[in-house]
Each structure stands twice: as C-alpha cells, then as structure tokens.
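Chemist: Next one to model:
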Amino acid sequence: MANTNELLAELEKVDTPSVTNVVATYPNNPLCLGIYNPWSENWYTDQTIKCMYPELGPRVGFAVTSVFGLPDPSFSRLTFLDVIDAMEASPQPTILALEQKFPPEFQSKVGLCGGIMTTTMQTIGCIGVVSNGPSRDIDEIRPMKFQYLLSGITAGHGDMAVQSVNAPVSIAGMDVAPGEIIHMDENGACKFPANRLEEVVTNVKALLADEEASIARIRQAKNAAEIRAAMSTHNYGKEKGK
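Modeler: Here you go, the predicted structure:
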C-alpha cells in the first residue's frame, strides 16, 4: 500500500474532471466509485468561482474549514490564529475551504486573503484556498505558487471576523467537511472522503488508461461506423437502454 504522500502526489498528476469521473460522475461505469449521487449531492464547485493561477496545475490536500463574516458583538471567541492551529493539527498538506458569509452589499467587495494571510497559511503547510467570495493581492501571491479558487478579485475590505473553524461549510455548490480530500485545478474543485484516497487513485489511473485507448481508436476511425465501434465501451457511445 502506498503512503498518503505518494497517493497525493499521484493525484496531483490528474485533472479535476478525471477525479470527478471516478468519484461519482459516471455511476454505471465499473471504475466509478459512486460515492455520491452525482446530481443531487453537493460534491463539486459550480461556475461562480474561477482559478486564479491555472498554470500551477492540480492541487490536492486535506480540508480545513472556516467561515468568515462581519464582526458579531455577541461572538468574538475565534481569530485567524485558530484557523492556523487547525491547519497545524490537520494531516498535511491542507487546503482551506473558506466560506464567506457577508451581507449582500459587501459580498462582492471583500478582499479577504491578502499576502500576509497567505504567507502565514503557507508556512504552516497550506497549499491553497477555495472560497465563495473574492480576495486580493493577486500579484503579490502569484510567485508564492499558492493556489486560489475565488469568485473574483477586489482591492480592499473592512472589519471582519472568524465565525467558525472546522465545521462543515458550503462553497460554490460544494459542501465540505473537515478532513475530506479536496482536489482542485482550473476546472474547479471536488471533494471526497479521505478514506477513499487509494481507491480514487487506483481507479483514476485505470480510467485514464481506458480513455487513452478509446481516443486512439477514435483517431484511427475513418467513418461514423468505426467511430461508433470505437466508442462502444464508453459512456458517450452506449446505446439507450444498454
């Protein structure tokens, strides 16, 4: 059995859509683990966020979760340092799943994670953030090779506060619990239970090998009949009712 770091390294060679294919996307494919109902469960992100540094390629890590919002006079027990403590206590590397809960009039103008926050997180083993809101200092962070999936970029912010650490969050259509695996790249992010990591790696390798063979057959086809034959084992090529 490969160790966790080896498995994560293998998964960083794979794009996020391929990971979704074995996690849940094709439930009738024998290589699909069927961990979720692909439509009804919130296990991958929607189009409301985008990758800030697509050139970095895939990133994979253990989820640490947090909610940020406006200061609440009745609750001030948590700070960003509690998020850092949670990152240190987590298996490594980590990805921060950061849900932003701000009033609608502020939601699109919160430049939340800047250069100092990012440097602090990276120092403690975090490799990326996925968030349903914007951030800032995109130019300062770029050479750090730290990934962000965000709704956008804005320059400033006002007072804000940590509302929870390592409680379940919902980000751009993806529900994340602490300790789950997050895989993300320029296509978006998906999550799955950490105890399925080895299965995901094994199956995604097999699926990619099958897809490579199918693509080779399709490229060699000379007409629609040969394309149909080449695609007969793929989800796109199955006849209805079969």
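Chemist: If you count neighbours, what's buried in the helix ranked longest in the chain?
Modeler: The residue-count maximum for a helix in the chain (DSSP state H) belongs to helix 197-220. Buried residues in helix 197-220, counting neighbours by 16 or more other Cβ atoms under 10 Å, are found at Leu197, Glu199, Val200, Val201, Thr202, Asn203, Val204, Lys205, Leu207, Leu208, Ser214, Arg217. To be clear about C-beta, it is placed using only N, CA and C from the backbone, and glycine gets the same treatment.
Chemist: what helices or strands is it leaning on?
Modeler: The contact analysis (3 or more Cβ pairs under 8 Å, 6 or more residues apart in numbering; DSSP states H and E) places helix 197-220 against helix 4-11, helix 16-20, helix 224-230.
Chemist: Burial-wise, tell me which of these comes out on top.
Modeler: helix 16-20 (a mean of 22; mean count of other Cβ atoms under 10 Å).
Chemist: Run through who's touching it.
Modeler: Helix 16-20 is contacted by residues 11, 25, 44, 58, 183-185, 187-190, 192, 200, 204, 207-208 when judged by Cβ atoms under 8 Å, 6 or more residues apart in numbering.
Chemist: Closest one of these to Gln163?
Modeler: Nearest to Gln163, judged by Cβ to Cβ, of the contacts of helix 16-20 is Ala189 at 21.4 Å.
Chemist: got the contact list for the longest helix of the chain?
Modeler: 1-2, 4, 7-8, 10-11, 14, 18-19, 21-23, 29, 31-33, 181, 192, 226-227, 229-231, 233-234.
Chemist: Please put the alpha-carbon coordinates of that helix into CSV.
Modeler: Output of helix 197-220 as CSV, limited to C-alpha atoms (Å, rounded to 0.1, in the frame of the first residue of the first chain):
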residue,chain,number,x,y,z
LEU,A,197,-8.0,8.2,-1.4
GLU,A,198,-6.3,5.0,-2.5
GLU,A,199,-9.3,3.8,-4.4
VAL,A,200,-9.7,7.1,-6.2
VAL,A,201,-6.0,7.0,-7.3
THR,A,202,-6.2,3.4,-8.4
ASN,A,203,-9.4,3.9,-10.4
VAL,A,204,-8.5,7.2,-12.0
LYS,A,205,-5.3,5.6,-13.3
ALA,A,206,-7.3,2.8,-14.9
LEU,A,207,-9.9,5.2,-16.2
LEU,A,208,-7.3,7.4,-17.9
ALA,A,209,-5.7,4.4,-19.5
ASP,A,210,-9.1,3.3,-20.9
GLU,A,211,-9.8,6.8,-22.2
GLU,A,212,-6.4,7.0,-23.8
ALA,A,213,-7.1,3.7,-25.6
SER,A,214,-10.5,4.9,-26.7
ILE,A,215,-9.1,8.2,-28.0
ALA,A,216,-6.5,6.3,-30.0
ARG,A,217,-9.2,4.2,-31.6
ILE,A,218,-11.4,7.2,-32.4
ARG,A,219,-8.5,9.0,-34.1
GLN,A,220,-7.9,6.0,-36.3
